[in-house]
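Participant: Fold the following.
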Amino acid sequence: QVQLTESGGGLVQPGGSTRLSCTASGDVFEIYYLSWYRQAPGKQRELVAQYTSGHTKRYADSVKGRFTISRDMRAAYLQMNSLKPEDTGVYYCNFTYATYADPAGYEEVWGLGTLLIVSS
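Facilitator: Purely as a prediction, here's the structure:
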């Protein structure tokens, strides 16, 4: 069973930077999409950044120019700069992937989330 372990977040001052990491463990043959979502208090979960299987990066308009998604073999990263209070929320990583047991298959897994608070 694949699990995602997130790290990073915490309390950051407005204008500051931080980096989130998300590492996959378990039977992962190929990762199709790596995504970061966030859920602000009282709001729905929204897509923040995505790294596609075609190496395309997509960003929510609210974070363009400030956030950068990157990846390596089994991990996703989100570098967040020029943070604003409205970036506060729980950040979740999401992978879609195939396993060695079923290399043509499609699975999806979520991390448990990591809290980022942007406040002075």
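Participant: Spatially central residue for this structure, please.
Facilitator: Residue closest to the mean C-alpha point of the chain, counted by Cα atoms, centre = their mean, is residue 36 at 2.6 Å.
Participant: Give me the distance between that residue and residue 100.
Facilitator: 25 Å (Cβ to Cβ, to the nearest Å). For the C-beta atoms, the positions are set from N, CA and C on the backbone; glycine is no exception.
Participant: helix or strand right after the helix or strand hosting the residue nearest to the centre of the chain?
Facilitator: If you go by DSSP states H and E, residue 36 is part of strand 30-39. Scanning forward in sequence from strand 30-39 by DSSP H and E, the next helix or strand is strand 46-51.
Participant: And that next one, what does it pack against?
Facilitator: strand 30-39, strand 57-59, strand 67-72, strand 75-80 (3 or more Cβ pairs under 8 Å, 6 or more residues apart in numbering; DSSP states H and E).
Participant: Would you reformat those strands as a markdown table and include mean pLDDT?
Facilitator: Listed next are the helices and strands packed on strand 46-51 as a markdown table, based on pLDDT from 0 to 100:
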| stretch | mean pLDDT |
| --- | --- |
| strand 30-39 | 96 |
| strand 57-59 | 97 |
| strand 67-72 | 96 |
| strand 75-80 | 97 |
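Participant: Do you know the pLDDT at the residue lying closest to residue 15 once chain neighbours are set aside?
Facilitator: Leaving out its chain neighbours, the residue that sits closest to residue 15 by Cβ to Cβ, 6 or more residues apart in numbering is residue 82, at 6.1 Å. Residue 82 carries a pLDDT value of 98.
Participant: And residue 55, by the same measure?
Facilitator: According to the prediction, residue 55 has pLDDT 87.
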